[in-house]
Every structure is written in C-alpha cells, then in structure tokens.
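K.L.:
The sequence and its predicted three-dimensional model are supplied below.
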Amino acid sequence: MTTDWNAEYRRLLSGRRHGHTDPPPWWREHPGSVPPPLSEAEVREAEADLGIAFPVEYRDHLLRHSAGGKAKHLFKGPRGWGWYGDTDTNYDLLPVPFPHPDSYAGYDDELGDREPPREDAEAWAAWDDECGVLQEMKTAGAVCLEENGCGFSTWLVVTGPHHGELWFDARATCDLLLPMRVQGRSATFSDWLDGHSMDMVQW
C-alpha cells in the first residue's frame, strides 16, 4: 500500500502545539517572576497527561525549585499540560522512544539519493513530505528545552533508552542531532541548568 506522505506529515505536525501560546496565569499575575514549584500531585498529573515520565533531575526541579526558571514554564492550560511558548516539541510524539541517529541514518541517506526532479511536482511534493515525516520523528520522545538561535536547539529526552540525556539539534548546519556530554558522560538537565548548551556539544 502506498503511503500518503502529505496526510502523514500533516498528522504529525498537528502534535506540535497543545494550546500553550497564551501566558500562564502566574505570568499574567507576576510578570517576569519565576513560577513556584509544582506539587507531587501536579507532577504526576502532568506525566499522565503527557504520557511520559520526567527525568529524575527535571522532576526534582519541578518539585523543589520551580515550574519554570531557565526551563520553559510547565503549566496546565485549557487543553492540558504543556510548556509555555514551546512551538517545537511534538506532544503526540512524546510517548514515542527517542531514536538514536544511527537508527535512521541509512534511511536518511537513501531518501536523499532518491530525490525526484522538481519538474515532477507531484513526486517531488510526496518526497518532500516523506522527508518532513522523518525530520519530525527525529525528535520524538524529547522536549525542546531551549532555542539556541540560528536554528539550533537543545532537547531533553523523556522516553526510551536515552531517557534523561540531552541532545543538540544542529540540523540547521550539519543535518545532525548531536549528543551533549560533560566529562565523558551524557549531559543531564542539571548540567544544562548550570552551564551552556554549546559547551556540551560533541561536534
């Protein structure tokens, strides 16, 4: 059966936003302030709503320090829990395990090799949508922690074997997602809180 790549791409893109572009109540009442921590019940509700388990260090931050701070403000909006101002995280794909780049490298190369001529508008559009599906799946199971400018961003993995790791989205220049490391180990949320994303990227 032939895949309708346009329909699949549109379906995936629908998970990008969860209705959290309006400021949370705390921000409206206390502009510029750091929101208070969440309760254990709120964190459990958020995890159940999002279909994930927060990494230990991020969970501790939510419970002991703040629902936001350096991280995007996590709050419950009209359509459930989400992060204020986050237009990159795909909520529908959060429960899907984050894929290591090695798992799709061959498909990525093969897809590039079979780009049809642009003169064949229908074939090229289908190919472009297939590429879009793959690109969207590359950050499945991860939350966008930070936009680093110039198309770069920092991601926290919340699902799968890489749970708790940080990855740097450098697709704007090298078409790669790169592991972030500190002193020979995978970088964590606490490392990100205390440091700078670019210093942890393994170029």
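P.N.:
Structure's in. What do you need?

K.L.:
When you work out contacts or count neighbours from here on, use the C-alpha atoms and nothing else.
P.N.:
Noted.

K.L.:
can you dump the C-alpha coordinates of the helix or strand containing residue 130 into CSV?
P.N.:
For residue 130, the element it lies in under DSSP states H and E is helix 121-137. Once non-C-alpha atoms are left out, helix 121-137 reads as follows in CSV (Å, rounded to 0.1, in the frame of the first residue of the first chain):
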residue,chain,number,x,y,z
ALA,A,121,5.9,18.3,-9.0
GLU,A,122,3.6,15.6,-7.6
ALA,A,123,6.5,13.1,-7.0
TRP,A,124,8.7,15.8,-5.5
ALA,A,125,5.9,17.0,-3.1
ALA,A,126,5.4,13.4,-1.9
TRP,A,127,9.2,13.0,-1.4
ASP,A,128,9.4,16.3,0.4
ASP,A,129,6.6,15.3,2.8
GLU,A,130,8.3,12.0,3.4
CYS,A,131,11.4,13.9,4.4
GLY,A,132,9.3,16.1,6.7
VAL,A,133,7.9,13.0,8.4
LEU,A,134,11.4,11.7,9.0
GLN,A,135,12.6,15.1,10.3
GLU,A,136,9.6,15.3,12.7
MET,A,137,10.3,11.7,14.0
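
K.L.:
Not counting sequence-adjacent ones, nearest residue to residue 54?
P.N.:
Nearest residue to residue 54, sequence neighbours excluded (Cα to Cα, 6 or more residues apart in numbering): residue 158, at 5.9 Å.

K.L.:
measure the residue nearest the centre of the chain to residue 72 for me?
P.N.:
In the chain, the centroid-proximal residue (Cα atoms, centre = their mean) is residue 143; its distance is 3.2 Å. According to Cα to Cα, to the nearest Å, residue 143 and residue 72 sit 10 Å apart.

K.L.:
Same question for residue 14.
P.N.:
Here the criterion is Cα to Cα. By it, residue 14 lies 21 Å from residue 72.

K.L.:
Look at the two and report which has more neighbours.
P.N.:
Of the pair residue 14 and residue 72, residue 72 is the one with more neighbours under other Cα atoms under 10 Å, namely 16 against 12.

K.L.:
hang on, the more buried one packs against residue 85?
P.N.:
Yes - with contact defined as Cα atoms under 8 Å, residue 72 counts as touching residue 85 (7.4 Å).

K.L.:
show me the contacts for residue 65.
P.N.:
Applying Cα atoms under 8 Å, 6 or more residues apart in numbering to residue 65 gives the contacts 36-37.

K.L.:
Give me the pLDDT value at it.
P.N.:
Here, the pLDDT recorded for residue 65 equals 97.
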